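>>> Prediction below, plus the sequence it came from.
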Amino acid sequence: MFRKILSVSLIGLFVGITGVAAEEISIRVSGWVSSPVESEIMQTLVDLYNAQFAPPGVKAVYEPIPADYTTKIQTMLAARKAPDVFYWDIFMAEPLMRKGALLPLDDLMAAAGVDPAEFVDTCIGAFTYGGKIYGIPKDFNTLALFYNKKIFDIAGVPYPTADWTWDDLLAAAKAIQAKADEIREVVPSFQAALCMAPDVARWLPFVFQNGGSFFNADRTAVVINSPEAVKALEFYTAFELVHKVAVRPSEIGAGWQGEAFGKENAAMVMEGGWMVPFLRDNFPDVEFDAVELPAGPAGKGNLLFTVAYVIPGYEKHPAEAFDVLKFLTSPLAQMYVLSRGFALPTRKALGGFITDPISRTIFAGAAYARPWEFGPLGSKPIDELAAAMEAVFLGKKTAQQALDDAAKVLNERLREVLSG
Amino acid sequence: MGFGGTGKRGAGYPAPLFWFRRARTREILTAYVLIAPHMLALGVFTFFAMGFAFYLGFHRYDLLSPPTFVGIKNFARILTDRDFHIALRNTLYYTAVVVPVQTELALFYAVLLNRPVRFRTFFRAAFYAPSVTASIVISLVFIWLYAKQGIFNYLLTRLGLPATIDWLGNPATALPAIMMMNIWSTAPTFMVVFLAALQDIPDSLLEAAAIDGANAWQRFTRVTLPLLRPSIFFVVVMGTIGCLQVFDQIYIMTRGGPLKSTMTINYLIYSEAFENFRMGYAAALSLILFVLILLLTLIQKRYIDVEVQY
């Protein structure tokens, strides 16, 4: 008898729980975690949404994805188990947008009174495909020339300025390298004036500054082996190979350029706004500042890194998911993120609230930056061009050969992708 | 013996025919029930996966849109794919070096530890330790050992050599570095196989050979080695399959770089499937790897697995 009562009540409890759960719509929000601060900020925002803004019966849940983010989301999308709102990086945007894997947001934006013109044009443009908007950018970054004040002072070289050109950069690097012994007396870890990695995301701005580009005008061919791009790669690699004023991070046991800069192995690196919290947390004693990247023969050039919130194409609760997305990109949420010194807001109106000088430099770069994306090729060009750069650094190929080979592979892949 | 009919036969009653049939059926049923969980897992994760890979090999599939049939296009593309040529060359080079060296090293370890040396149990356990350590852990440790300021370079400088080798960062040394690590960590696994086989060799045969005047080397090459033939076949085949499928160490340590010098077929399959999302192409590559493994195993069977009897 007792068992009967118990089982009946258990069934009742079970039905009760699932009954309640069925009424509540939970909106899963996912992103990668670049640092503990990021997950803390996201959790705070989600909690705030649930407490203050969530309509009745809707609850946002934060589910961070710690590793293999792109792979995980793509397989989850295939299995229709993807989060309702998630981060998506600009360079993987077009492969998803062209497959209809993301939800077009235009109607939802219009209904909710969100005007695309409120956002930085390049950012929102990068998530626009076939005239439709698929993502609302949450933040962005560009590159700047970071320099170590102490090393410049010792070498007696004037600090970089925003109107520097390629020649100024090379001249300053040579002047610093000439004083290497004097610098090492004070900064024993000093290795070279510059730290430059075989990284496409650092070299591509030089291509733009020299008038080159990755795609041709109608994006039907890869033209990364153009004379402008070849010249840019020759210039980029010459710092180490010809002038001996640069080192690669791998040569000096650093994981990336930022680490080499923090350890004061190099006086200058080209990095993004992520350097500020990184240096503050790991190398608080380094005195540094940053200016816009030097201009090349064809003027200024920069890369725009951005991440948007997107919604899967098959979303069952589009209105509820968009409500969460709208909150996460609202002026309130972006001001909070900015106040934590974490990322730059994508809302034009908030540009005036950026007070930190380095953040203002990064923000200024967006005016002429081109998005960090390779259209339908996704991440393939990153690997292929990194291998090409490595070959040049190791003296296995000339810049022309390396880029010809890479362009051939990439054009084949582009034809394959565009054919169906 | 199934679960049914207990006692009846023990009690000495003659088993009627119908009882026998029922018991047999039950026994078979029981057997199926017992193997069912494993068969289910095997069916879903092995046989279904194999069949699906075969299906995908002739399709184009990016996970997001449904697969479209492309015939043998994937295979045709593989033939001209520069990355595949690099991966094939790297994999064969890797296998050609690692299999012989690790087999010989395993045999050497086994012969050594089959002797009544002091602390034999300790040595056996110590030698075997790398084999039971997760390859991920070993890879992470070796990244530090191979670092430019790592222990290997330190030891080389102590020997008076100018050692600033960037082991994993230099295309000339990255693959050999991974080979050395894998030989070190896999040889003990096969040592155990040889140890077991060595203990199966009857002492009488070796004594007989000794009485006939064979010295130690002759006893080893003429008696022990031929009797180890089945084990050698097993070790070479398993070693070859393992080498052709090398992946996790590369994923952790070099991700196929620098300059694709450590790109193996399995790493290429991973990168096409989960970085470029060309599932069909990756499936076609895996079918090619399957054929390669099958062919090599058949060749080895033809030349090594010859029955030896005394």
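That came in fine, so what should we check first?
>>> List the residues that contact the residue most central in space within chain B.
In chain B, the centroid-proximal residue (C-alpha atoms, centre = their mean) is B:G242; its distance is 3.0 Å. Residues in contact with B:G242, defined by C-beta atoms under 8 Å, 6 or more residues apart in numbering or on different chains, are B:T186. Glycine gets a C-beta too; all of them are placed from N, C-alpha and C.
>>> would you say it is within a helix?
Yes - counting by DSSP: H, G, I helix; E, B strand; the rest coil, B:G242 falls inside a helix.
>>> Return the residues of the stretch 51-200 of chain B in contact with chain A.
Within the stretch 51-200 of chain B, the positions adjacent to chain A are B:60, B:62-65, B:68, B:77, B:82, B:147-149, B:166, B:169, B:171 by C-beta under 8 Å from any C-beta of the partner chain.
>>> Residues touching the strand or helix carrying A:Q177, excluding its own?
Assigned by DSSP states H and E, A:Q177 belongs to helix A:166-178. The contact list for helix A:166-178, computed with C-beta under 8 Å, 6+ apart, reads A:145, A:151-152, A:155, A:157-158, A:160, A:164, A:183, A:192-194, A:209, A:235, A:239, A:243-246, A:267-268, A:294-297.
>>> Show me what from chain A comes close to chain B.
A:68, A:70-71, A:74-75, A:77-78, A:95-96, A:99-101, A:250-253, A:378-380, A:383, A:387, A:390-391, A:394, A:396, A:409, A:416, A:420.
>>> The same query, at a cut-off of 7 Å, please.
Within chain A, the positions adjacent to chain B are A:71, A:74-75, A:77-78, A:99, A:101, A:250, A:253, A:378-380, A:387, A:390-391, A:394, A:396, A:409 by C-beta under 7 Å from any C-beta of the partner chain.
>>> Mind checking which of the residues you listed are buried?
Buried by 16 or more other C-beta atoms under 10 Å in any protein chain shown: A:74-75, A:77-78, A:99, A:101, A:250, A:253, A:378-380, A:387, A:390-391, A:394, A:409, out of the residues of chain A next to chain B.
>>> Would you mind measuring from the closest residue to chain B within chain A to A:D89?
Nearest residue of chain A to chain B: A:A78, at 3.7 Å (C-beta to the nearest C-beta). A:A78 sits 18 Å away from A:D89, taking C-beta to C-beta, to the nearest Å as the criterion.
>>> cool, A:V276 as well?
20 Å.
>>> Quick check on B:W167: phi, psi?
Note on B:W167: backbone dihedrals following degrees, to the nearest 10 are phi -50, psi -50.
>>> excluding its backbone neighbours, what's nearest it?
Nearest residue to B:W167 in three dimensions, chain neighbours excluded: B:Y146, at 3.7 Å (C-beta to C-beta, 6 or more residues apart in numbering or on different chains).
>>> Counting neighbours, what do you get for the one you found?
Residues lying near B:Y146 (other C-beta atoms under 10 Å in any protein chain shown) number 24.
>>> contacts for the longest strand seen in chain A?
Longest strand in chain A, counting residues (DSSP state E): strand A:302-310. Strand A:302-310 is contacted by residues A:85-90, A:102, A:122-123, A:126-127, A:134-143, A:201, A:204-205, A:272, A:293, A:325, A:328-329, A:365-366, A:368-372 when judged by C-beta atoms under 7 Å, 6 or more residues apart in numbering or on different chains.
>>> wait, what's in contact with residue 197?
Unless you meant another one, I'm taking chain A. A:248-249, A:256-257.
>>> Please refer instead to chain B.
Here B:A197 is in contact with B:228, B:231 (C-beta under 7 Å, 6+ apart).
>>> phi, psi of it?
Per degrees, to the nearest 10, the backbone of B:A197 is at phi -70, psi -40.
>>> now it: how far from B:V117?
19 Å.
>>> got it, and B:H85?
Relative to B:V117, B:H85 is positioned 48 Å away (C-beta to C-beta).
>>> And A:L338, by the same measure?
Distance from A:L338 to B:V117, by C-beta to C-beta: 69 Å.
>>> Ok, B:F123 next?
B:F123 is 7 Å from B:V117, by C-beta to C-beta.
>>> Show me which of these two is the more surrounded one.
The residue with more neighbours, out of B:F123 and B:V117, is B:F123; 14 against 10, by other C-beta under 10 Å.
>>> Now whatever residue of the stretch 51-200 of chain B ends up closest to chain A. Nearest residue, chain neighbours left out?
Going by C-beta to the nearest C-beta, chain A is nearest to B:L63 of the stretch 51-200 of chain B, at 3.7 Å. Ranked by C-beta to C-beta, 6+ apart and with sequence neighbours excluded, the top spatial neighbour of B:L63 is A:A78, at 3.7 Å.
>>> Tell me which residues of stretch A:367-382 come out buried.
Those would be A:368-382, for stretch A:367-382 by 16+ other C-beta under 10 Å.
>>> State the pair within those residues that is farthest apart.
A:Y368 and A:K380 (26.1 Å; C-beta to C-beta).
>>> could you give the angle of the helix or strand just after the longest strand of chain A to strand A:302-310?
Using DSSP H and E, the next helix or strand after strand A:302-310 towards the C-terminus is helix A:318-328. Helix A:318-328 and strand A:302-310 are oriented at 140 degrees to each other (axes from the mean of the first three to the mean of the last three C-alpha atoms, to 10 degrees).
>>> Now do helix A:318-328: distance to the chain's middle.
23 Å (C-alpha atoms, centre = their mean, to the nearest Å).
>>> list the helices and strands it packs on?
strand A:25-30, strand A:85-89, helix A:106-112 (3 or more C-beta pairs under 7 Å, 6 or more residues apart in numbering or on different chains; DSSP states H and E).
>>> who wins for proximity to B:G257 among these?
Comparing these by C-beta to C-beta, strand A:85-89 comes nearest, at 21.2 Å.
>>> Sheet partners, orientation included, of that closest one?
Strands that pair with strand A:85-89, judged by DSSP bridges, come out as strand A:25-30 (parallel), strand A:302-310 (antiparallel).
>>> Identify each buried residue in the shortest one, please.
Read that as strand A:25-30. A:25, A:27-30.
>>> can you pull up the bridge partners for the residue nearest to the spatial centre of chain A?
For chain A, the residue lying nearest the average C-alpha position, counting by C-alpha atoms, centre = their mean, turns out to be A:F305 (3.7 Å). Taking DSSP bridges as the rule, A:F305 bridges to A:N141.
>>> Could you tell me the model confidence score at it?
Per-residue pLDDT puts A:F305 at 92.
>>> Same question for the one 3 residues further on.
As predicted, A:A308 sits at a pLDDT of 94.
>>> can you count the residues close to it?
A:A308 has 28 neighbours, counted by other C-beta under 10 Å.
>>> Could you report the separation of it from A:P371?
For A:A308, the distance to A:P371 - C-beta to C-beta - is 11 Å.
>>> now do A:R184
Taking C-beta to C-beta, one finds A:R184 at 40 Å from A:P371.
>>> I'd like to know which elements the helix or strand harbouring A:F146 is packed against.
Using DSSP H and E, A:F146 falls within strand A:143-148. The helices and strands touching strand A:143-148, judged by 3+ C-beta pairs under 7 Å, 6+ apart, are strand A:266-272, strand A:288-292, helix A:357-365.
>>> All good on my end, thank you.
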